[in-house]
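**Q** prediction below, plus the sequence it came from.
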Amino acid sequence: MNQKDVKFRLLFEDNPMPMWVFDRATLCFLEVNHAALTHYGYTRQEFLSMTIADIRPPADVARLKDSVNRASGLALSGQWRHRLKDGRMIDVEVASHTISYGGRQAVLSVLQDITARKRLEEQVRQSAKMEAVGMLAGGIAHDFNNLLTIINGYSQILLNTLPQADQNRGAVEQIMKAGERAATLTRQLLSYSRRQVLQPKLLGLNQLLIGMEAMLRRLIGEDIELRFAPGREIGQVNADPGQIEQVVMNLAVNARDAMPRGGILAIETRNVELDENYTAAHPAMQPGPYVALVVSDNGTGMDAETRSHLFEPFFTTKVQGQGTGLGLTTVFGIVKQSGGGVDVSSEPNKGTTVKVYLPRIDQPAAAEMDAPVAPATRGSETILLVEDEEQVRNLVRHTLRREGYKVLDAPSAAEARRIAGAHKGPIHLMITDVVMPKEGGRDLAASLMHDRPALKVLFMSGYTDQAVVDGCLQSGKSGFIQKPFTPAALSSKVREILETNGETCHGAGR
Ligand SMILES: Nc1ncnc2c1ncn2[C@@H]1O[C@H](COP(=O)(O)OP(=O)(O)OP(=O)(O)O)[C@@H](O)[C@H]1O
Ligand SMILES: [Mg+2]
């Protein structure tokens, strides 16, 4: 080789991009450069004994042959998937053109691994989609929660007043049942959009699961065996118990649906330490101590295609009416908001294992407290009620008056200010919607509390950013109740706030 040939050879051999030349007729590799060897992991001998079809997934071979047969090597340019020596598939961008090489028709290709870029693009697309659906869901949930407060509230009032023997009770019960189902759905939408107000507290997963056992058995039916294996000395987690119950329910229902002819549903808990190896593959999580909640079934399992869409909102393989495709999305939303992660492994016909990791707080589980005595709900204090939705306002006023309170009510913050200004006596509590046109409940509360330092405030909302509520609650002497609520829940929340004295913040009520 003369000097010039050596120099040109270097341009190929030392090129930082993987490059190769293959025979157009036989598809055999004729030359590969150093970057290709290190990137793909095959030795030079291995490469030279293979064809370019050997490093493709079988599904792509037909397209490959078709492209090679077309007149110009350009048809081979574009995006392809290649198999590395260790079995991993990568996405590559290929630039090719035909050359004459040692008297043969050959193709010269330069390759760029775009796997990481594609994954990133996919993540961006995915999170944009989640964000958009989240906004939509949050918006719908806001209106629905007002409607459901009205529907569920009045049906409960009706049910309380109908005599036991009344033949219309059945009809009202059906309305209430449907209303509760709809409330569950909006709750799911909200936790998915992460606009749910969480009420985290330290809790032991084992106690929570024991409390759910009877309900779970009813849910999965007789053909499925429930095997519950609580781990020993499980650390506590800081999470919203209602939400964690929802996680367990959704996973159990999925397992049930995957075992139409019966099977085994296993629920386990254990302490785990997640190390950097694990979190490298799950960038949203930190290494450290976790409690794992493992739900497995030996049902139908899932193929790779289904697995790849699992957490997408509205992705379902179930017939219409049987699944909304929000189950796992909700699970994901709740767990993520609690600082944890979800791992799913599944094989067709072998079953599915879902691992939910929640950050562990190593503290012995607190002794179970005695069930609280149902608080009194009646009172005679004066309450200022501010709510722009007329029917919700009517319902709340009706409920409070029945319990003996004096109620002043206003459809807006401005009207509430006027009423408070004109009212000579004390106002013990203001109940206000958080989100209202013109002026929200938070600003109203701040200014009224300035004039009446003894005033307590109960915020109600169906759709709120956690931050807004945290801000409200920081102002002290205030509480929160999530719409839709029942008249009974409202009454006991009102009593609870009226009876606490001092600057305590109440947890957000459901
Ligand atoms: N344990 C499981 N075994 C087999 N397939 C499952 C399992 N869990 C989930 N899947 C698959 O994932 C899909 C999405 O599940 P997801 O819980 O999000 O929605 P869904 O169950 O279809 O509807 P929804 O939970 O809203 O009623 C299911 O339709 C099913 O194909
Ligand atoms: Mg489901």
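**A** Arrived safely, thanks for sending. Keep in mind the model is a prediction, meaning the values are calculated, not measured. Numbering: from 1, shown residues only. Ligands and ions are numbered 1, 2, ... in the order given.
**Q** helix or strand right after the longest helix along the chain?
**A** The helix spanning the most residues in the chain, taking DSSP state H as the definition, is helix 115-161. Past helix 115-161, heading to the C-terminal end, the next element that is a helix or strand (DSSP states H and E) is helix 169-192.
**Q** hmm, back to that, now the longest helix of the chain, how far from the centre of its chain.
**A** 11 Å (C-alpha atoms, centre = their mean, to the nearest Å).
**Q** can you state the direction angle for it and helix 169-192?
**A** Per axes from the mean of the first three to the mean of the last three C-alpha atoms, to 10 degrees, the angle that helix 115-161 makes with helix 169-192 is 150 degrees.
**Q** for helix 115-161, packing partners?
**A** Contact analysis of helix 115-161 by 3 or more C-beta pairs under 8 Å, 6 or more residues apart in numbering; DSSP states H and E lists strand 89-101, helix 169-192, helix 390-402, helix 487-499 as its packing neighbours. Where you see a C-beta, it was placed from the backbone N, CA and C, and this is true even at glycine.
**Q** and ligand 2, which of those is closest to it?
**A** Proximity to ligand 2 (C-beta to the ion) singles out helix 169-192 among the helices and strands packed on helix 115-161, at 10.0 Å.
**Q** centre of the chain to that closest one, how far?
**A** That offset, for helix 169-192, works out to 20 Å (C-alpha atoms, centre = their mean).
**Q** how about the next helix or strand after it: buried residues?
**A** Following the chain from helix 169-192 toward its C-terminal end, the next helix or strand by DSSP H and E is strand 201-203. When burial is assessed from 16 or more other C-beta atoms under 10 Å, strand 201-203 yields the following buried residues: Leu203.
**Q** parallel or antiparallel, list what pairs with strand 201-203.
**A** The strands that strand 201-203 pairs with in its sheet are strand 236-239 (antiparallel) (by DSSP bridges).
**Q** tell me the helix or strand right after the strand it pairs with.
**A** With DSSP H and E, the next secondary element past strand 236-239 is helix 241-257.
**Q** just the mean pLDDT for that next one, thanks.
**A** For helix 241-257, mean pLDDT is 90.
**Q** what's the answer for stretch 219-237, then?
**A** Along stretch 219-237, the predicted confidence averages to a pLDDT of 92.
**Q** Glu381 reaches Lys406, doesn't it?
**A** Yes - Glu381 is in contact with Lys406 according to C-beta atoms under 8 Å; the separation is 7.3 Å.
**Q** let me see the confidence value for Gln167.
**A** Gln167 is assigned a pLDDT of 91 by the prediction.
**Q** that one: neighbour count?
**A** Other residues near Gln167 number 7, with proximity taken as other C-beta atoms under 10 Å.
**Q** look up how far ligand 2 lies from it.
**A** From Gln167 over to ligand 2 the distance is 37 Å, taken as C-beta to the ion, to the nearest Å.
**Q** hang on, Glu93 packs against Val110?
**A** No - if you go by C-beta under 8 Å, Glu93 and Val110 don't touch, sitting 9.2 Å apart.
**Q** and the two? Which one has more around it.
**A** Under the neighbour definition other C-beta under 10 Å, Glu93 and Val110 were set side by side, and Val110 has more, 20 against 15.
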